[in-house]
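> Just the structure for this:
(one chain, ligands or ions: 1)
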Amino acid sequence: MRMPLIAGNWKMYKTVPETVEFINELKKLLAGGTGGVEVVLCPPHTSLGAAAQALAGSDINLAAQNMYWEEQGAFTGEISPPMLREIGCKYVILGHSERRQYFGETDETVNKKVKAAFKHGLIPIVCVGETLEQRESGVTEKVIDTQVRGALAGLDRTQTASLVMAYEPVWAIGTGRTASDDDAQKVNGLIRGLLAEVAGREAAEKVRIQYGGSVKPENTAGLMGKPDIDGALVGGASLKPDSFAGIIKAAR
Ligand SMILES: O=C(CO)COP(=O)(O)O
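Modelled structure (predicted):
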């Protein structure tokens, strides 16, 4: 059985005091435990240290939203995998559509980052997803195929089995327009099939594949009821402790 994984991607929101306040509130809301659901918070880099301290002793894990692939060097403005490990991250989101769209990330750079994550003991949450234009022109499957194979090129089976995938259709991000449960399942199932092709069925069955795009407490249970949807990567609804806790509870 795959343990559901609910991750809150805060994007470029929350100062340090806001981060600490959120975590203290969330811990109260989840005082009875996370109920067999793995919970991950992905604050901006500036809040990671404070988040790690506030989360100490809880079973909530920490993720970064991005990183560079080199260990150190003259790369102004970048953060390395060992720096994320040192500050307490277990996961790192890689290849988010906003990184691809606004910061020039490609399947090649995502692949370098995925390999660097594994080298330094971080678990990548690899994001893939089509734009509205691509969906409407009928190339969703092709886009997902290219992104999945590109991101995972050169990984061994053990690495592939341990990563997390997130299907985030770009047209559903921040728009209030969620993919239907069936549409999300269709692409998540496609992703699992691709994982089986590149790493074998046994590895593919271990991978948690999240859905992301306007996830809210009200639509979580329907999505989670689908066989290949193993969690959610939540943006807007992860910014308030009560709605994020509502999603975690609905995923149980
Ligand atoms: O991009 C997302 C999570 O990474 C989804 O964002 P929203 O939940 O705000 O649509």
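
> what about the residue located most distally from the centre of the chain, which SS state?
Most distant from the centre of the chain: A74, at 28.1 Å, with distances by CA atoms, centre = their mean. In three-state terms, and counting by DSSP: H, G, I helix; E, B strand; the rest coil, A74 is coil.

> and it, what is it in contact with?
By CB atoms under 8 Å, 6 or more residues apart in numbering, the contact list for A74 is empty. C-beta here means a position set from N, CA and C on the backbone, and glycine is covered the same way.

> which bits of the stretch 101-250 of the chain sit near the ligand?
168, 173-174, 212-215, 233-237 (CB under 6 Å from any ligand atom).

> can you rerun that using 8 Å?
Contact residues, the stretch 101-250 of the chain versus the ligand (CB under 8 Å from any ligand atom): 127, 166, 168, 172-176, 212-216, 233-238.

> residues contacting the residue in the chain that the ligand sits nearest to?
Residue of the chain nearest the ligand, by CB to the nearest ligand atom: G235 (2.2 Å). G235 sits next to 9, 11, 173-174, 212, 215 when contact means CB under 8 Å, 6+ apart.

> quick one: which of these is nearest Q101?
I173 (9.9 Å; CB to CB).

> Quick check, that closest one in contact with V215.
No - counting by CB atoms under 8 Å, V215 is not a contact partner of I173; they are 10.1 Å apart.

> Let's see the pLDDT reported for M1.
Per-residue confidence (pLDDT) for M1: 84.

> wait, I meant D156
pLDDT, read off for D156, is 97.

> Show me the shaky parts of the stretch 1-150 of the chain.
The stretch 1-150 of the chain contains no residues with pLDDT under 70.

> The residue farthest from the centre of the chain and S162: what is the separation?
Remark: distance between A74 and S162 (CB to CB, to the nearest Å) = 32 Å.

> likewise K226?
22 Å.

> try G150
Distance from G150 to S162, by CB to CB: 19 Å.

> Could you do V234 as well?
V234 is 22 Å from S162, by CB to CB.

> In terms of neighbours, single out the busier of these two.
V234 (27 against 15; other CB atoms under 10 Å).

> OK, contacts around that one?
Applying CB under 8 Å, 6+ apart, the residues near V234 are 6-9, 212, 215, 244, 247.

> Can you report how many residues neighbour the spatially closest residue to L239 that is not a sequence neighbour?
In this structure, L239 finds its nearest non-sequential neighbour in Y13, 5.8 Å apart by CB to CB, 6 or more residues apart in numbering. By the criterion of other CB under 10 Å, Y13 has 16 neighbours.

> wait, isn't K11 in contact with R99?
No - in this structure, K11 is not within contact of R99 by CB under 8 Å, at 10.6 Å.

> Okay, and which of the contacts of V234 map to helices?
The helices, defined by DSSP state H, take in 244, 247 from these.

> Drop anything exposed from the contacts of V234.
Neighbour counting with 16 or more other CB atoms under 10 Å marks 6-9, 212, 215, 244, 247 as buried within the contacts of V234.

> show me what contacts the residue nearest the centre of the chain?
Residue closest to the average C-alpha location in the chain (CA atoms, centre = their mean): I125, at 4.3 Å. For I125, the contact set (CB under 8 Å, 6+ apart) comprises 7, 40, 63, 91-94, 163-166, 210, 233.

> For stretch 225-238, measure first residue to last.
Chord length of stretch 225-238, first to last residue, is 20 Å (CA to CA, to the nearest Å).

> Next, the buried residues of it.
226, 228-238.

> Also stretch 38-45?
Here stretch 38-45 shows 38-44 as buried, counting by 16+ other CB under 10 Å.

> same for the ligand: which of the residues you listed are within range?
Within the buried residues of stretch 38-45, those near the ligand by CB under 8 Å from any ligand atom are C42.
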